[in-house]
Each structure stands twice: as structure tokens, then as C-alpha cells.
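Peer 1: quick check, what structure comes out for this input:
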Amino acid sequence: MRSFRFVLSRRWLLFAVAIVLVAYATWWLGEWQFHRLEDRKASNQIVRHNESVPPTPVSEVLAPGRDVADTDEWRIVSATGRYAVDDTVVVRYRTRDGVAGIDVVVPLVTADGTAVLVDRGWMAADNSHLDLSKVPEPPTGEVDVSGWVRADGTGSSTQVTDQSVRAISSVQIGSALDRPLYGGFVELRSEDPAPASPLAQVELPELNNGPHFFYGLQWWFFGVLAVFGFFYLMYDEWRNGARGDREGRSLPKRVRPGRGQSERSIPPSTGSIAPDTNDDAGESKKAAARPNSSGSP
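Peer 2: Presented below is the predicted three-dimensional model:
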């Protein structure tokens, strides 16, 4: 019976190390997907709770220079003030259903002079040739608004250029407009009085668990498949070696290959056949066919 000593060879040891790394990586990726699932469930629970709570005055949820708390994301707040139309900022590259467009953000200045950024909604627009004069204006005079609290964006996409950004940040916009702003911003839910040309309302998050559970199972399945494949290949190597040993023992000794010589290189044995001879000159097959001394054959 052949042993598994071949597993200790350099080739198989390297193979085993590679499988261990693959198994660990797939386990870690599966865990990562399941952690994302838990985060998604917790976030959805916060959104569901905040949507069921009556609107709260913006000053009780947001504050100048303060980040939005995770538990306040998508909370509904209310505010009263006047829109600063001249300080309108657009958010580029907001595509909906394959149509290019922008979000229109206008500061709403409250009674104490602090403004809250209000994302009034979406409109189709050509981002490469944007004309701000075509952006519908908000209601004039004092306006009551309500909307969902959102946290500031981060990174280079929040930099303001020609009154446009790619992500909203109250810090960057407040600095560019030289206005005191509440931290975070509000995505419009309603405004009173209603505007002459309303914009498309912001898209609310989908409160589902996403594909994270199945992604996690897929990664774990890949890891199990890699381990199973390793042991199957190891068994196949052992089986082929054992079969070769049995076939080698079944060969007769006279035809077993010698050192440095394979079975196929042994020439076949033809044996030895001695010719039939006869001592009588007249009957000898070796006699030459020529005339004898008497001249007769």
C-alpha cells in the first residue's frame, strides 16, 4: 500500500500553502459581506424609525459646525426661512434612469441668520453646458419646508467650482458662499407655498437587505470548493501511484526493466533456432551446387 509521503514534496507543500491562503481569504470575504448585511439591517431600522417620527425643528437636530449623528440620518426636520436664490449650488452628474441631470441646492436662511442647505430635487440637464438661468426658482418670501436629514459628503468631490459640486458638504459650500450653515443638509420633502415649477423629489433609500447574504455564502462556497479540490487531487495522486505499484508487481521478472531502461525499450525476445544440418555430403544443404570431379552433377 502506497503512503502519502508525496504530500511532503516541495510541490505539494506549496500547493497546500496556496489552498490555505485561498480558504482564509474566502472566509474573510464572507465575514465581510455578513458584517455589511448587519450594518445594512441596522441602517434600515434607523431609517424606518426616523420616518415614523413627526417632524422636528431643524435647530434641535442640526447645529453649525457639527456632524450629523448616525441615528439622525433620514430624520424628518422642519424649518422656516427665505431662500437665498443667488447662492444656488448645483450637484452635477446625478443620473436617473439613464438620463443626465443635476440636483438643485439652495440655502434657506432662518430667522437667526443661520442657513440650512436644502436639496430641492432633481432636474434633467446637460452637465457639460449647464445654464443656471434655466434652473426653476424656489418660492419667494417666507417658506415652510420639511425634509430628510443627510450627512455631509467627503473628499475632493465636495469642492465648489463655479457654484457646482459633485457631492454636498455644508463645510465646503459654507466656505465658498461665506455663510453660516447648519452641519449636514436637508433633502426636500415638502415646501409651502408650492413652487411654480417643482423639481423631481429626491430618491429615498431602498429598505431591503441587499445581496450581501448570498455574496457571503458564495465566498464560503468557493473556500469549501478549494479545500475539497485539494484533497481530491491528493487522493487522485495516491490512487494513481498505488495502481502503478500493483502493475509493477504483476510483471514477470524476466521482462522487468533494468536500471535506466523502461519496459518499452526492452527488445522482444526472438529465441534461437539452430539450422538443420546433415553430415552426408550428398544430403548436405550447405553443399555448393556445382559439378563434381567427374563432370556429372
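
Peer 1: could you use CA atoms for every contact and neighbour count after this?
Peer 2: OK.

Peer 1: L188 is in contact with V118, isn't it?
Peer 2: Yes. If you go by C-alpha atoms under 8 Å, L188 and V118 touch, sitting 6.3 Å apart.

Peer 1: which residue ranges form the helices in the stretch 101-250 of the chain?
Peer 2: Using DSSP state H, counting those that start in this stretch, the helices of the stretch 101-250 of the chain run over 170-177, 212-250.

Peer 1: turn these into a markdown table, including mean neighbour count.
Peer 2: Converted to a markdown table, those look like this (neighbours: other C-alpha atoms under 10 Å):
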| stretch | mean neighbour count |
| --- | --- |
| helix 170-177 | 19 |
| helix 212-250 | 15 |
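
Peer 1: contact partners for the closest residue to L188 other than its chain neighbours?
Peer 2: Closest residue to L188 apart from its sequence neighbours, by C-alpha to C-alpha, 6 or more residues apart in numbering: G147 at 4.4 Å. G147 sits next to I76, V77, S78, V186, E187, L188, R189, S190 when contact means C-alpha atoms under 8 Å, 6 or more residues apart in numbering.

Peer 1: tell me the bridge partners for the nearest residue to the fifth one once chain neighbours are set aside.
Peer 2: If I follow you right, that is E187. Distances taken as C-alpha to C-alpha, 6+ apart put D119 closest to E187, at 4.7 Å, once the chain neighbours are dropped. D119 forms beta bridges with V105, E187, as assigned by DSSP bridges.

Peer 1: and V145, by the same measure?
Peer 2: Bridge pairing for V145 - DSSP bridges - gives A79, E191.

Peer 1: got a pLDDT number for it?
Peer 2: V145 carries a pLDDT value of 97.

Peer 1: those strands in this protein, which residues are they?
Peer 2: Ranges of strands within the chain are 56-57, 76-83, 89-91, 101-109, 115-124, 143-150, 164-165, 185-192, based on DSSP state E.

Peer 1: give me the most central residue, the chain.
Peer 2: Y215 (9.2 Å; C-alpha atoms, centre = their mean).

Peer 1: surely that one and E31 touch.
Peer 2: No. Using C-alpha under 8 Å, Y215 and E31 do not qualify as a contacting pair, with a distance of 10.0 Å.

Peer 1: roughly how far does S59 sit from I102?
Peer 2: Applying C-alpha to C-alpha, to the nearest Å, the value for S59 to I102 is 28 Å.

Peer 1: the more surrounded of those two?
Peer 2: Between S59 and I102, counted using other C-alpha atoms under 10 Å, the more crowded position is I102 (25 against 15).

Peer 1: how about the more buried one, what does it touch?
Peer 2: V90, V91, R92, Y93, R94, T95, W122, M123, A124, A125, N127.

Peer 1: of those residues, which is the nearest to F231?
Peer 2: Closest approach between these and F231, by C-alpha to C-alpha: T95, at 49.8 Å.

Peer 1: identify the single longest helix in the protein, thanks.
Peer 2: helix 10-52 (DSSP state H).

Peer 1: how far does that one sit from its chain's centre?
Peer 2: Centroid separation between helix 10-52 and its chain, computed with C-alpha atoms, centre = their mean, to the nearest Å, is 11 Å.

Peer 1: what of stretch 131-146?
Peer 2: The answer for stretch 131-146 is 41 Å, by C-alpha atoms, centre = their mean.

Peer 1: then stretch 187-206?
Peer 2: 34 Å.

Peer 1: pLDDT weak spots in the stretch 1-150 of the chain?
Peer 2: 1-2 (pLDDT under 70).

Peer 1: list the contacts for R66?
Peer 2: Y182, G183.

Peer 1: go with 7 Å
Peer 2: Neighbour list for R66: G183 [criterion: C-alpha atoms under 7 Å, 6 or more residues apart in numbering].

Peer 1: re the thing from before, turn the strands of the chain into TSV, columns for distance to S157.
Peer 2: Converted to TSV, those look like this (distance: least, C-alpha to C-alpha, whole Å):
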stretch	distance to S157
strand 56-57	29
strand 76-83	24
strand 89-91	10
strand 101-109	14
strand 115-124	17
strand 143-150	16
strand 164-165	7
strand 185-192	16
